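[1] Quick one, fold the following:
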Amino acid sequence: MIQIQDTIVSFDILEECFLCDLSVCKGICCVEGDAGAPVEESEIERLEKVLPVIWNDLSPKAKEVIEKQGLVYRDMEGEYVTSIVGSADCVFTCYDENGYCKCAIEKAFREGKTDFCKPISCHLYPIRVARYNGFRSVNYHRWRVCRAAVTLGKKHGVKVYQFLKEPLIRKFGEEWYSQLTIAANELFVKKQ
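    Next up, the predicted model:
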């Protein structure tokens, strides 16, 4: 692990390959799991603000869940997570004409309807950030539904930190990402 500012970063983020392959996984990460996606408290207001923009893209069941329980709830650890439909879909999922699961918030963002892309935990996946006393850990989360992303990443030589450049900068800033890139290059040289 390496330290950058107040973060401890796993070497896996620098060494492992990853490149989402939606043609294989069809966005299953927004469907499978035992809880909704982590949401920072500061994002709840933004989710509420974007809701009218994405409402028509949500499923009738998702609308029902939102009306009954809200956009987020606290999980067993007391953290905010997105509400889910049954034990599956995040309430913000929508499906395209090919049956691929996508994020309604990101869809609206790409269409220029909002300046909020999606919760940072979703944007950063497969990286998970945990807060501890005085520092944050930045780790690579392995999940069987992402095997195709690992294969495609290896094929194209794309490391996790490269694939996630935009959300890493969004979360930690340009200077942090620059330091991460320097560390990755130094690690690469050492391995040669």
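[2] Where do the strands of the protein begin and end?
    Under the criterion DSSP state E, strands of the chain are mapped to 2-4, 7-9, 72-74, 80-82, 93-95, 101-103, 127-132, 135-140.
[3] Which of the ones you listed sits closest to residue 148?
    Among the strands of the chain, the nearest to residue 148 by Cβ to Cβ is strand 101-103 (14.4 Å). Where you see a C-beta, it was placed from the backbone N, CA and C, and this is true even at glycine.
[4] what mean pLDDT would you report for the closest one?
    Strand 101-103 shows a mean pLDDT of 89.
[5] Show me the contact partners of that strand.
    26-28, 30-31, 89-90, 92-96, 118, 122 (Cβ atoms under 8 Å, 6 or more residues apart in numbering).
[6] Identify each buried residue in it, please.
    Neighbour-count burial for strand 101-103 flags 101-103 (criterion: 16 or more other Cβ atoms under 10 Å).
[7] where's the lowest-mean-pLDDT helix or strand in the chain relative to the chain centroid, distance-wise?
    Between all helices and strands in the chain, the lowest mean by mean pLDDT, DSSP states H and E belongs to helix 22-25, at a mean of 82. Distance of helix 22-25 from the chain centroid (Cα atoms, centre = their mean, to the nearest Å) equals 16 Å.
[8] Go through the buried residues of strand 101-103 and name the one nearest residue 83.
    Set against residue 83, the nearest of the buried residues of strand 101-103 by Cβ to Cβ is residue 103 (14.0 Å).
[9] about what we covered before: including distance to residue 22, could the buried residues of strand 101-103 go into TSV?
    Below are these laid out as TSV (distance: Cβ to Cβ, whole Å):
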residue	distance to residue 22
101	9
102	9
103	12
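[10] Contacts for the biggest helix by length in the chain next, please.
    If you go by DSSP state H, the chain has its longest helix at helix 174-191. Applying Cβ under 8 Å, 6+ apart, the contact partners of helix 174-191 are 2, 4-5, 7, 9, 11, 13-15, 159, 161, 165, 168-169.
[11] by how many degrees do that helix and strand 135-140 diverge?
    Helix 174-191 runs at 60 degrees relative to strand 135-140, counting by axes from the mean of the first three to the mean of the last three Cα atoms, to 10 degrees.
[12] Any buried residues in helix 174-191, and which?
    Buried, per 16+ other Cβ under 10 Å, within helix 174-191: 176-177, 179-180, 183-184.
[13] try stretch 51-61
    51, 53-54, 57-58.
[14] per-residue confidence at the residue most central in space within the chain?
    Within the chain, the residue whose C-alpha comes closest to the C-alpha centroid is residue 122; the distance, by Cα atoms, centre = their mean, is 2.0 Å. If you check residue 122, the pLDDT there is 91.
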